[in-house]
Structures are given as structure tokens and as C-alpha cells.
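Chemist: Quick one, fold the following:
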Amino acid sequence: MTKIELVNIIAQTPGITKVDAQKIIQAFMSSITKALKKGEDVRLIGFGTFSPIKTPARMYRDIQSGESKNSKGKKVVKFRGGSALSEKIK
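Modeler: Modelled structure (predicted):
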């Protein structure tokens with residue numbers, strides 16, 4: 001499902017226009033992004049948890065030159081689905 005498809009589904013709710021649905025989704029995503037940027041977990045009871053994780057730096061081999069190089073660690077987001085979500089998709 002894409003963001004546009006989600007907007008269309010939410011806009012089918014009585015009293016919510018596509019413009020309103022798009023604003024709601026954008027505010028939702030922005031709020032989650034800000035919290036993750038601060039290093040906070042985002043827990044949505046009945047859905048799941050978004051957690052920011054820093055991956056460690058590591059060594060890798062450049063295939064073309066054959067030399068070993070270091071990669072920097074980076075921040076990634078981990079999502080763990082809640083038990084209620086798992087039960088609903090069985």
C-alpha cells in the first residue's frame with residue numbers, strides 16, 4: 001500500500017476529505033520522525049514499536065580494488081509488530 005492509497009482509504013471515512021487525510025498522515029509521519037530523531041521509541045499499543053538503532057562501524061572489502069575499507073555506523077529504524085497486530089494478520 002502506498003501513501004496515496006492510504007489517503008484514499010482514510011478519505012472514505014465520512015467527514016474526512018482527501019486533503020484532511022493527507023494532512024493527518026503527514027502530521028503522523030512527521031511526529032514519528034521527530035521522536036525517532038531524538039532517540040525515542042514510538043510505541044503504538046495494538047500495532048507495534050518503532051525504535052532507532054545505531055549500527056556499528058565495520059570493515060568491508062572493496063570488490064573492484066580489493067582493499068579493505070571502514071564503513072561508518074548509521075542510524076536505522078527497527079519495527080517490531082505488536083502481538084495484537086500479529087493476531088489480526090494470521
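Chemist: contacting residues around the spatially closest residue to residue 74 that is not a sequence neighbour?
Modeler: Of all residues beyond its chain neighbours, the one nearest residue 74 is residue 55 (5.5 Å), with distances taken as CB to CB, 6 or more residues apart in numbering. Where you see a C-beta, it was placed from the backbone N, CA and C, and this is true even at glycine. With contacts defined as CB atoms under 8 Å, 6 or more residues apart in numbering, residue 55 is in contact with 73, 74, 75, 76.
Chemist: Let's see which of these end up in strands.
Modeler: Secondary structure from DSSP state E places 75, 76 of those in strands.
Chemist: I'd like the contacts of residue 55 as CSV, with pLDDT and neighbour count appended.
Modeler: CSV is the format used below for the contacts of residue 55 (pLDDT from 0 to 100; neighbours: other CB atoms under 10 Å):
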residue, pLDDT, neighbour count
73, 88, 11
74, 92, 10
75, 93, 11
76, 95, 10
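Chemist: just to revisit the earlier point, mind pulling up the pLDDT for the residue nearest to residue 74?
Modeler: The per-residue pLDDT reported for residue 55 equals 92.
Chemist: Quick one: the strands in the chain, in order.
Modeler: So, for the chain - with DSSP E - the strands run 42-44, 48-54, 58-61, 68-71, 75-81.
Chemist: So which bits of the top helix by length along the chain are buried?
Modeler: Taking DSSP state H as the criterion, the chain has its longest helix at helix 18-37. For helix 18-37, the buried set under the neighbour-count rule, 16 or more other CB atoms under 10 Å, comprises 21, 22, 36.
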